[in-house]
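**Q** here you go, sequence then predicted model.
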Amino acid sequence: MNKRRKTMLLVLLLFIAFPAASQEAEADEKLNDFLLIPILETVFSGNLRWRPDWPVDIPPDGFSILKENVQPEIIEISNGDQNYVVRRDSEGRLVEFPFFLSNGYAKVEASYSAQGALKEMSVIFFSSEPDEADTETEEDPSQPDAAQSEQRVWNITFPAEFLPYSELSPGGSFPPLTIFQDDEIFYVFIFESPLFLTETWYNSEGEMLVFCKAIVDHEYDGWRVRYLQIHDSEDLRFVDYFFDSGGNITEVQIEGMTFSAVYRDRRPVFWQLPDLQYELQWDTQGILTVIKAAGEAVDSVTEYRYEYERDAAGNWIKRQENAYGIRFGVLAPYLPGSRGTWERRIIFFDEVEQ
C-alpha cells in the first residue's frame, strides 16, 4: 500500500508540473492520433459497435450477426484490398479486432489473465494515406481508401491485475504500462477516479509527451467514454461522444468535425458526415438493402443497392454493391461508382475452423 501511495503522489506531482513539462518536451507526432483509453473501453466492454466516424466503405453490419445474443469466435470481412478480423476467446473476450482511425486503422491483439485483466497487447498501425504520387489527383470521397500499408508496431505490457473499474482495481494510479516501438520505449500512467480516467505518456528520458483526461459514465455492463481532453505539444484538443438509450453512439465531435447517426433497432438509418449524408434502408430481417447519398461530396453516385449470399442462419457471407446515379433525368446503374464486393467468414465456437 505504501508503494501505491508513493506512486499516486508521484503522478499527482507530475500533473501539477505538467504546464512546464509540456513546454520543454515535444510530443511524438505519431502519438497524437492514437490513445489507449478508447481501446481499453472497447477491450473491457467486449463490444465492437459501428460508429458514425468509421470509414464510409466499411459495412455497418460487418461485425454483427442477426442473433444479437450470440457471439461468434471469428468474424472476418475482406474486399480484396482490406481485411479485418474480430476474434474472441472462449470467455467472449476480444483477442483481435480493428480500431479505425482518421487516416487508417489499428489491428489490436490482446491477451488476458484468468480474471480478465489485460496482460499484453500488440497494436499494428496501417495507414490509408495516399502515396505522394497520388496527391496530385483529386480523390473521390465515395471510393474506398487505397491499399493500406503497415506503418509501426506497439508491443504493450500491462501491470498485474490491470482491470479498471473492477473488484481487482482499488482505484488511483496503476503502475506504468510499457510500450515498445522499435528501439523506443514509452511509459504510460493510467489514473482511475470514479468519474474519470487519465492517461499520461512519457518517453525513456522522462519527458511528458501527452496527457489525456477521459470523463466516463458507468453502465451495468461496464464504462463508456463521454469526453476526451487531450494535451500535447500542439494544443489542447477535445473529443465528445453522445449516446442514445440503447448505448449506440449517436454523435462524435472531433477536431471541428461532427459525425452523427440515428438508429432504429440498433441499426443506423441516417448517417451524417461533415460533407456527406446517407439514408440507410434495412429489410425486415435486418439486412441492409439500400443506401441513398446526398451532400456536397456526392459526385456521380446517389444510391447504393446490395445483393447477398447468406449462410444457413441468414447471415450474409458475400455482399455485392451496385451503384446508381442520375443519368438524363433517371436513376441508372453507374458501374465505376461501385465500391466492390465484401466477403465475410463467420466461425462459431462449436464449429471447426477450416
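**A** Nice, thanks for sending it over. Residues are numbered from 1 along each chain as shown.
**Q** low-confidence bits of the chain, can you list those?
**A** 1-33, 129-150, 220-221, 352-354 (pLDDT under 70).
**Q** ok, and the closest non-adjacent residue to the most centrally placed residue in it?
**A** Among the residues of the chain, F99 comes closest to the average C-alpha position under C-alpha atoms, centre = their mean, at 3.3 Å. Setting aside the residues directly before and after it, F99 is nearest to A106 in space (C-beta to C-beta, 6 or more residues apart in numbering), at 4.6 Å. Heads up, the C-betas are built off the backbone N, CA and C, glycines and all.
**Q** now the one you found: which helix or strand?
**A** Taking DSSP states H and E as the definition, A106 sits inside strand 104-112.
**Q** quickly find the element holding the residue nearest to I58 when sequence neighbours are not counted.
**A** Closest residue in space to I58, ignoring its immediate chain neighbours: F100 at 7.3 Å, by C-beta to C-beta, 6+ apart. If you go by DSSP H and E, F100 is part of strand 94-101.
**Q** same question, R87
**A** Counting by DSSP H and E, the element that carries R87 is strand 83-88.
**Q** and the angle from that strand to strand 94-101?
**A** 140 degrees (axes from the mean of the first three to the mean of the last three C-alpha atoms, to 10 degrees).
**Q** quick check: buried residues in strand 83-88?
**A** Y84, V85, V86, R87, R88 (16 or more other C-beta atoms under 10 Å).
**Q** would you mind pulling up the elements that it packs against?
**A** Counting contacts by 3 or more C-beta pairs under 8 Å, 6 or more residues apart in numbering; DSSP states H and E, strand 83-88 is packed against strand 74-78, strand 94-101.
**Q** turn those strands into JSON lines, including distance to Q151.
**A** Listed next are the helices and strands packed on strand 83-88 as JSON lines, based on distance: least, C-beta to C-beta, whole Å:
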{"stretch": "strand 74-78", "distance to Q151": "20"}
{"stretch": "strand 94-101", "distance to Q151": "11"}
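**Q** out of the ones you listed, which is closest to V43?
**A** With distances scored as C-beta to C-beta, the stretch of the helices and strands packed on strand 83-88 nearest to V43 is strand 94-101 (5.8 Å).
**Q** what does the closest one rub up against?
**A** Outside of strand 94-101, the residues within contact range by C-beta atoms under 8 Å, 6 or more residues apart in numbering are 33-34, 38-39, 42-43, 46, 48, 51, 53-55, 58, 84-89, 105-112, 125.
**Q** neighbouring strands for that strand, and are they parallel or not?
**A** Strand 94-101 sits in its sheet next to strand 83-88 (antiparallel), strand 104-112 (antiparallel), going by DSSP bridges.
**Q** pairing partners for the helix or strand just after the last one, with directions?
**A** If I follow you right, that is strand 104-112. The first helix or strand that comes after strand 104-112 along the chain, using DSSP H and E, is strand 118-127. Sheet pairing of strand 118-127 (DSSP bridges) gives strand 104-112 (antiparallel), strand 149-162 (antiparallel).
**Q** closest to F348 out of those?
**A** Evaluated over these, closeness to F348 peaks at strand 104-112, with 20.7 Å, by C-beta to C-beta.
**Q** understood, closing this out.
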